[in-house]
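K.L.:
Pasting the sequence and the predicted model now:
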Amino acid sequence: MPPISSPDGSQSRALPANSSVEGPAASPAGPPRPRPDAEPTEPSDPTDPSGPSDPTEPTEPSVAEQATRDLAAQFEDEKPGRVLSGPAGLLLTGAALAVGALALWQVFRPLSQGSKYYLIIFLAGVLPLVFLAYPAELRLPARLRARRPRARRPRANRAEATGSDSDSRVPAPASTRPTVTDWALSALAVAACLYPVLPIRIGSGGGGYNAFLDRQGLLAATDLVLGTVLLLLLLEACRRATGWILPAVCLLFLGYGYYGGLLPQSWPVAHAGLDFSQLVDAFYNSDSGFYGTPLDVAASYIVLFTIYGAVLELSGAGRFFVELSAAAFRRSRTAAGRTAVASGFLLGTVSGSGAATTVSIGAVTWPLLRRAGYPPERAGGMLAAAGVGAILSPPTLGAAAFIIAEYLGVSYLQVLGWATVPTVLYYLGILLAVEIDARRSGVRPVVIDVGSPWRLLARFGYHFASLIAIIVFLAIGLSATRAVVFAIVLAVVLSYLDRTHRLTPGRLVTALVTGVRGVLAVTAVCAAAGIITATTTKTGLGPQAAALLIGGAQAATSDPTLVLVLTALLAAVALSLLGLAVPVTASFVIGWVIVGPALLDLGVTAPAAAMFVFYFAVLSEVSPPTALAAVAAAAVTGGRLVPTMWQTLRYALPAYLTPIAFVITPAGLGLLGIGGVQRIAFAAGVTALSVAVLAVAAGGWLPGVGPAGVPERVLGALAGVTLLWLEPVPVTVGTALAAVAAVGVLVRRGSASRSSSDPVEEQL
């Protein structure tokens, strides 16, 4: 989803012009960043008869602001695309407007031919744009490039091609013009996508939508050719938008479907084998392939929420959320850290992208953190952890949350309910870590003068109205699609309360195009995920993999409870490793079809299993060695990458452990808001204690008391893990261990006080 920034396009001007940040001088660590309290000014032109510009009108972003926006684009969930201009830009704008209008029309006047017909049209509108918006970026390996003869050319041209006249490793910016190959692939994508609905006979194939459906299981030669073409185009679209890993995973599943019949039949994952036409039929002409649930979610939900996020961005909501966070904590000792965490939560409610939110909040809060004395690595870890919370925060969550609702056949409001308590616990853990770091590291107070938060709420609090409206609309029974459309309308109307950020027709077009462009890569990923789901369905891989996972746990123990625990741990490791390679959406789809059945077979409820898979798919953004959000944070702070990743892991620790509690005990369902008030209160209270104890163990400091030694930290870690077993005996044991650890910290503090006073007593 698009990064949230201030409505005039900047991300570094989050604080108002009259705000100030008082504190020690900034440390030299990290690259210089724009001051959050400085407004760029343009010198007035005395020859301009129009005089100075109206300060209430949106201004062009400065060089620093544009650099921040470019950085945010680089750390989206997908690779950065082209900035199209000229005829290609007009074509993309027109096509994006058509796709957005179709998505909005489908909410109230669905196409009479059915949802699959709509998905075919939607993919035909989006897939060609991927080839225009994302360059191929195919480069020879360095060794081959060194051997390849190159024509001599002037030095100036070489500098222009490499971006530097001295360092050829700097990549040149993406070309703003699509190549002939890009245009050809776009045209081919239109043909392959629209073929099932074109009422034209092509050999033994074609003939329209109904004729295409009638040939399911008995594809004509034309069907097979164009289905293969679409398969290859989707793989190439995913490669352009996300990199090589996801296409490689899809090819692995494709190879398993085709060659699986050659495996020894004694192997658990062996199957009878499928020929190529059967695979293409499953991908192209079934409800579990390209046009399955993942694409349905992208075309029905995600595109609307990306448009909603773009509307909120242009209406000034992003800037307001950051200012409100700063105002709420402006007099606190840990104001800088709290502002970063609160900004991540508020921006996450409309962003749904972890890395992009990290860059957005980092651009405005890193100068505050630096003045407060945070090292770049620790600040980067805090920013990355707060940013990833965007994918876990209601009311938007991430794309995978919509897939959960579709897979389980529940309303999106229920999924939001399941995510509420874990989100609160996640940010509780981060805030506790911020408080502990502030005391352990001697963070200096930073005064943020941005005025009263009540005044901000009174003037701009209407930005919350559309967010609340989504929940209200869902609660009264409206579908998620209609709820978000009505929220978009409300946000547009309320934008006229702010003259600077009112959404005029031209800016509405910008929001619509931005929203559709934000869903290009997600659509390619969701359509390609059909390769995985269709292969799994056809071969029966899901139950086989589940049996393999459970069998591994049963090999270690025969106790049913321990088998469940070991299976959950093995599943967590498998999902974490899987998420390192593929985007969150694809990671969830793969994890659900492989790990989900194993948990369900052991008696775990569907909501708990789905949220378990969802959380570990999301955590791939903070898991070393890839940790995309940590990479983005390190780029903002200038910190070392690996230490930043480990700091992120420390801040996000509760998110790794809390999902385990979903599945190992029935009481864990209370964390998902299931099971009545008593169960919910018990589960939330005990898990909050666990999060607090784990934060103390990881940070080495007990707030209000003092530093914790190694024995106390070990006891605290054991207590925190034990408390996650939400049964009376483990909770009692965990509470006792936590109490012993706290007493140990008190004794240590008393000993330190006496030892510091001994020299004085001796002198007396």
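P.N.:
Perfect, thanks for sending it. Being a predicted model, the structure only gives us computed values, none of them experimental.

K.L.:
So which residues of the stretch 251-400 of the chain form helices?
P.N.:
Applying DSSP state H, counting those that start in this stretch to the stretch 251-400 of the chain gives helices spanning 276-284, 293-297, 303-314, 317-328, 335-351, 354-372, 376-392, 399-408.

K.L.:
May I have the fifth one exported as PDB, CA atoms only?
P.N.:
Listed next in PDB are the C-alpha coordinates belonging to helix 335-351 (Å, rounded to 0.1, in the frame of the first residue of the first chain):
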ATOM      1  CA  ALA A 335       8.700  11.900  24.300                       C
ATOM      2  CA  ALA A 336      10.800  11.100  21.300                       C
ATOM      3  CA  GLY A 337      10.400   7.300  21.600                       C
ATOM      4  CA  ARG A 338       6.700   7.500  22.500                       C
ATOM      5  CA  THR A 339       6.100   9.700  19.500                       C
ATOM      6  CA  ALA A 340       7.800   7.200  17.100                       C
ATOM      7  CA  VAL A 341       5.700   4.300  18.500                       C
ATOM      8  CA  ALA A 342       2.400   6.300  18.500                       C
ATOM      9  CA  SER A 343       3.000   7.600  15.000                       C
ATOM     10  CA  GLY A 344       3.600   4.000  13.800                       C
ATOM     11  CA  PHE A 345       0.300   2.900  15.200                       C
ATOM     12  CA  LEU A 346      -1.700   5.800  13.900                       C
ATOM     13  CA  LEU A 347      -0.200   5.800  10.500                       C
ATOM     14  CA  GLY A 348      -0.500   2.000  10.400                       C
ATOM     15  CA  THR A 349      -4.300   2.300  10.700                       C
ATOM     16  CA  VAL A 350      -4.400   3.600   7.100                       C
ATOM     17  CA  SER A 351      -1.200   2.300   5.600                       C
END
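
K.L.:
tell me which strands and helices it is in contact with?
P.N.:
Contact here means 3 or more C-beta pairs under 8 Å, 6 or more residues apart in numbering; DSSP states H and E; on that basis helix 335-351 packs against helix 303-314, helix 317-328, helix 354-372, helix 376-392, helix 412-440, strand 447-449. (Glycine included, C-beta is placed from N, CA and C.)

K.L.:
chain center to it: distance?
P.N.:
15 Å (C-alpha atoms, centre = their mean, to the nearest Å).

K.L.:
Report the mean per-residue pLDDT for it.
P.N.:
Mean pLDDT, helix 335-351: 76.

K.L.:
got the contact list for Thr358?
P.N.:
75, 344, 383-384, 386-388, 629, 632-633, 636 (C-beta atoms under 8 Å, 6 or more residues apart in numbering).

K.L.:
Where does pLDDT dip in the stretch 151-300 of the chain?
P.N.:
By pLDDT under 70, the low-scoring segments of the stretch 151-300 of the chain are 151-176.

K.L.:
which residue ranges form the strands in it?
P.N.:
Using DSSP state E, counting those that start in this stretch, the strands found in the stretch 151-300 of the chain span residues 201-202, 205-206.

K.L.:
Which stretches in the stretch 51-200 of the chain count as helices?
P.N.:
Using DSSP H, counting those that start in this stretch, helices in the stretch 51-200 of the chain cover 63-74, 86-108, 115-133, 142-147, 155-162, 180-194.

K.L.:
Now the first one: average pLDDT?
P.N.:
Pointing back at helix 63-74 there. On average, helix 63-74 scores 42.

K.L.:
So for the strand or helix carrying Gly596, mean pLDDT?
P.N.:
For Gly596, the host element (DSSP states H and E) is helix 584-601. Helix 584-601 carries an average pLDDT of 84.

K.L.:
And stretch 719-726, by the same measure?
P.N.:
90.

K.L.:
before we move on, what about stretch 672-682?
P.N.:
89.

K.L.:
quick one: buried residues of it?
P.N.:
672-675, 679-680, 682 (16 or more other C-beta atoms under 10 Å).

K.L.:
Which ones among those residues map onto helices?
P.N.:
679-680, 682 (DSSP state H).

K.L.:
Pick the one among the residues you listed closest to Tyr209.
P.N.:
Using C-beta to C-beta, Ile680 is the member of those that lies nearest Tyr209, at 47.8 Å.

K.L.:
so the closest one makes contact with Gly668?
P.N.:
No: Ile680 is beyond contact range of Gly668, at 11.0 Å (criterion: C-beta atoms under 8 Å).

K.L.:
What residue, apart from its backbone neighbours, is nearest Tyr496 spatially?
P.N.:
Spatial nearest neighbour of Tyr496, excluding adjacent residues (C-beta to C-beta, 6 or more residues apart in numbering): Arg502 at 4.6 Å.

K.L.:
pLDDT at that neighbour, what is it?
P.N.:
88.

K.L.:
residues touching Pro199, list them.
P.N.:
206-208.

K.L.:
Dump those residues to a markdown table, plus neighbour count.
P.N.:
Below are the contacts of Pro199 laid out as a markdown table (neighbours: other C-beta atoms under 10 Å):
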| residue | neighbour count |
| --- | --- |
| Gly206 | 19 |
| Gly207 | 18 |
| Gly208 | 14 |
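
K.L.:
any chance of those in TSV, with distance to Gly362 too?
P.N.:
Formatted as TSV, the contacts of Pro199 follow (distance: C-beta to C-beta, whole Å):
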residue	distance to Gly362
Gly206	53
Gly207	55
Gly208	52
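
K.L.:
Skipping its backbone neighbours, what lies nearest Phe122 in space?
P.N.:
Ala299 (4.2 Å).

K.L.:
List the residues that contact that neighbour.
P.N.:
103, 106, 118-119, 122-123, 523.

K.L.:
With adjacent residues omitted, what lies nearest to Leu503?
P.N.:
Ser495 (4.4 Å).

K.L.:
Make sure the one you found is indeed in a helix.
P.N.:
Yes: secondary structure of Ser495 (DSSP: H, G, I helix; E, B strand; the rest coil): part of a helix.

K.L.:
just checking, it touches Glu313?
P.N.:
No: between Ser495 and Glu313 there is no contact under C-beta under 8 Å: 11.0 Å.

K.L.:
ok, residues contacting stretch 602-611?
P.N.:
404, 407-408, 410, 414, 418-419, 422, 550, 560, 563-564, 567, 592, 596, 599-600, 612, 659, 662-663, 668-669, 672, 674.

K.L.:
switch the cut-off to 6 Å
P.N.:
Residues from elsewhere that reach stretch 602-611, judged by C-beta atoms under 6 Å, 6 or more residues apart in numbering: 404, 408, 418, 564, 596, 599-600, 662-663, 672.

K.L.:
Now list the buried members of those.
P.N.:
Buried among these (16+ other C-beta under 10 Å): 404, 418, 564, 596, 599-600, 662-663, 672.

K.L.:
contacting residues for Arg679?
P.N.:
Gly670 are the contacts of Arg679 under C-beta under 6 Å, 6+ apart.

K.L.:
mind checking how far it is from Leu425?
P.N.:
16 Å (C-beta to C-beta, to the nearest Å).

K.L.:
For Gly208, see how far away the spatially closest residue to Ile403 that is not a sequence neighbour is.
P.N.:
In space, and not counting its chain neighbours, Ile403 is closest to Val297: 5.0 Å by C-beta to C-beta, 6+ apart. Per C-beta to C-beta, Val297 is found 27 Å from Gly208.

K.L.:
now Leu508
P.N.:
The gap separating Leu508 from Gly208 is 36 Å, by C-beta to C-beta.

K.L.:
Could you do Ala310 as well?
P.N.:
Ala310 is 36 Å from Gly208, by C-beta to C-beta.

K.L.:
Could you give me the buried positions within the helix or strand where Val513 lies?
P.N.:
In this assignment (DSSP H and E), Val513 forms part of helix 505-518. Using 16+ other C-beta under 10 Å as the test for burial, helix 505-518 gives 507-508, 510-518.

K.L.:
pLDDT check: weakest of these?
P.N.:
Out of the buried residues of helix 505-518, that is Gly518, at 83.

K.L.:
give me the number of residues near the closest residue to that one other than its chain neighbours?
P.N.:
Once flanking residues are discounted, Gly518 sits nearest to Thr306: 4.1 Å by C-beta to C-beta, 6+ apart. For Thr306, the neighbour count with other C-beta atoms under 10 Å is 30.
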